[in-house]
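*Asks:* using only what follows, build the 3D model:
(2 chains)
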2 protein chains.
Amino acid sequence: MCELLGMSANVPTDIVFSLSGLIQRGGYTGPHKDGWGITFYEGLGYRTFKDHQSSYHSPVARFVQSYPIKSEVIVAHIRQANRGNVSLVNTHPFTRELWGKYWTYAHNGQLQGYRNLKTGNYRPVGETDSEWAFCWILQQLSIKYPKRPSNWPAVFRFIASLAGELRKKGVFNMLLSDGQFVMAYCSTQLHWITRRAPFGMAKLLDQDVEIDFQQHTHPDDVVSMIATQPLTGNEDWQRIEPGCYELFHLGERIV
Amino acid sequence: MCELLGMSANVPTDIVFSLSGLIQRGGYTGPHKDGWGITFYEGLGYRTFKDHQSSYHSPVARFVQSYPIKSEVIVAHIRQANRGNVSLVNTHPFTRELWGKYWTYAHNGQLQGYRNLKTGNYRPVGETDSEWAFCWILQQLSIKYPKRPSNWPAVFRFIASLAGELRKKGVFNMLLSDGQFVMAYCSTQLHWITRRAPFGMAKLLDQDVEIDFQQHTHPDDVVSMIATQPLTGNEDWQRIEPGCYELFHLGERIV
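*Replies:* Numbers count the residues shown, from 1 in each chain, chains lettered A, B, ... in the order given. A predicted model of the protein is given here:
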């Protein structure tokens, strides 16, 4: 399996603290050693740093930790391979364009019978069930909405129905973003937390690191984090119920 | 305008020496200070490092120079903005999927009247003439070859005819790769060189750096470099004639 990490914020925010926790699970405190990746949106653009090496041993991971990129939307993933080799082409997150926006996706789980799903113009390049499912979701969206839609909550409701179909084929925990919204669909396990004033202390579970968010934030900041398993021990992470999803926009949970 | 840098090799090869020369031109020896990017193919996968900062001042550039990623195909670009803001979304190279392969593209030049070009399912996300032209090329390819073709030299001949159309709208120097082939289309200026045994010394024009390739290569290695302007002063770079292209595969020029 794998682990997911996502962020939605109302101001460009760095993710170094949370990422430090996740990276430990990629080959040190956890078995997710088969590559890792992180996508930062900056405006309409994005950049992805990825490595087929374990995050714990990855020079790219060390660089990203030392260079705090500030972003309003971040999607990250550490991989424990089940379907598909350990290689860059199979490393999440995956990003594709739809309606003139970049969509970024990461998956935790495993699917059966996914090769019957038609992906149309969105052809998988690698060998994973994950990328195949992403291509199918995009293809279904492009059929349902041939033109760029404007009712985004309705679009994400439709995506949740597609995720529900995928969940029938196995385990399908997903993070998905268009650079503005962050959607977290839970098949088995996914947690979230929203941090806002008054900010307090947080302590990582996977590393002896503590942060005082009050030192690093403005009173108006709102930042939501999503993770497969809670990253901190002293905060109140919420569990998403299996078969349900949460939608975040500018740090706030809106669904 | 901008500068392009490409590589095709028959063994995974690092580009640190040449990249060091290019990076100087991004804000130090040259005016191309409006962002930079580099895409490395590794197998069917790729990773892109980009920054809207000048390459000369970019922490990402410093990291890439310190971490020699070995690849058989590399496409890089330093930008001097004409159309489109200085932002990540407008930073080259651009990568999109077609026929289940990732295509990577970088452009040097400026186009007029490009907004009449139909891009179909390949919608630009940013504001540049460059990305628009890339989307048009992919759309034209998907119309000409609805199924994945097998005669790749013919595909690149067709792409050259499309590039010829674009050249009528302004200046269109281009690097394009599907991860296996590297195509260099010259509208005004583009140079290339193939390095093979017996390897010799090379000295950068933009920095007081010299390398003895014999120390870093195997006798069977073949590596071609493509650059807007020659990067070394003591080697025999070939100029591509305006309106012509060269195609490289595993380090060898094949057209």
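
*Asks:* any idea how many residues pack against the residue lying closest to A:Val11 once chain neighbours are set aside?
*Replies:* Leaving aside its chain neighbours, A:Val11 sits nearest to A:Asp221 (5.6 Å; criterion: CB to CB, 6 or more residues apart in numbering or on different chains). The C-beta positions use only the backbone N, C-alpha and C, and glycine is treated the same way. Under the neighbour criterion other CB atoms under 10 Å in any protein chain shown, A:Asp221 is assigned a count of 17.

*Asks:* same check on A:Gly120?
*Replies:* Counted with other CB under 10 Å, the neighbours of A:Gly120 add up to 13.

*Asks:* quick one: residues contacting it.
*Replies:* A:Gly120 sits next to A:139, A:142-143 when contact means CB atoms under 8 Å, 6 or more residues apart in numbering or on different chains.

*Asks:* repeat for A:Ser187
*Replies:* The neighbours of A:Ser187, taking CB under 8 Å, 6+ apart as the test, are A:109, A:163, A:167, A:171-174, A:242-243.

*Asks:* before we move on, back to that, go ahead and confirm the residue nearest to A:Val11 touches A:Pro12.
*Replies:* No. Using CB atoms under 8 Å, A:Asp221 makes no contact with A:Pro12, being 10.2 Å away.

*Asks:* what are the phi and psi values at A:Leu19?
*Replies:* A:Leu19 adopts backbone torsions of phi -60, psi -40, taken as degrees, to the nearest 10.

*Asks:* now do the buried residues in the lengthiest strand in chain A.
*Replies:* Ranked by residue count and defined by DSSP state E, the top strand of chain A is strand A:2-13. By 16 or more other CB atoms under 10 Å in any protein chain shown, the buried positions in strand A:2-13 come out as A:2-10, A:13.

*Asks:* just stretch A:18-34 next, same as before
*Replies:* For stretch A:18-34, the neighbour count (16+ other CB under 10 Å) marks A:18-30, A:32-34 as buried.

*Asks:* so which of those residues is the closest to chain B?
*Replies:* Of all the buried residues of stretch A:18-34, A:Asp34 has the smallest distance to chain B: 13.3 Å, by CB to the nearest CB.

*Asks:* I'd guess that closest one is in a strand, am I close?
*Replies:* No. A:Asp34: not assigned to a strand; according to DSSP: H, G, I helix; E, B strand; the rest coil it is coil.

*Asks:* and the residue nearest to it when sequence neighbours are not counted, how far from chain B?
*Replies:* Distances taken as CB to CB, 6+ apart put A:Ala81 closest to A:Asp34, at 4.1 Å, once the chain neighbours are dropped. For A:Ala81, the distance to chain B equals 14 Å [CB to the nearest CB, to the nearest Å].

*Asks:* residue contacts, A:Ala81?
*Replies:* A:34-35, A:90 are the contacts of A:Ala81 under CB under 8 Å, 6+ apart.

*Asks:* now do A:Arg167
*Replies:* Contacts of A:Arg167 (CB under 8 Å, 6+ apart): A:187, A:243.

*Asks:* check A:Phe17 too.
*Replies:* By CB under 8 Å, 6+ apart, the residues touching A:Phe17 are A:202, A:204, A:209, A:211.

*Asks:* could you dump the residues you listed into CSV with neighbour count added?
*Replies:* Shown next, in CSV, are those (neighbours: other CB atoms under 10 Å in any protein chain shown):
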residue, neighbour count
A:Ala202, 21
A:Leu204, 20
A:Val209, 15
A:Ile211, 18
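
*Asks:* before we move on, back to that, which helices and strands does the longest strand of chain A pack with?
*Replies:* In terms of contacts (3 or more CB pairs under 8 Å, 6 or more residues apart in numbering or on different chains; DSSP states H and E), strand A:2-13 is packed against helix A:16-25, strand A:71-79, strand A:101-108, strand A:173-177, strand A:181-185, strand A:222-227, strand A:245-249.

*Asks:* quick one: that strand to strand A:71-79, angle?
*Replies:* 160 degrees (axes from the mean of the first three to the mean of the last three CA atoms, to 10 degrees).

*Asks:* and strand A:2-13, average pLDDT?
*Replies:* Across strand A:2-13, pLDDT averages out at 96.

*Asks:* from the chain's centre, how far out does that strand sit?
*Replies:* Centroid separation between strand A:2-13 and its chain, computed with CA atoms, centre = their mean, to the nearest Å, is 7 Å.

*Asks:* partner strands of it, with direction?
*Replies:* Sheet pairing of strand A:2-13 (DSSP bridges) gives strand A:71-79 (antiparallel), strand A:222-227 (antiparallel).

*Asks:* that's all I had, so thanks and see you.
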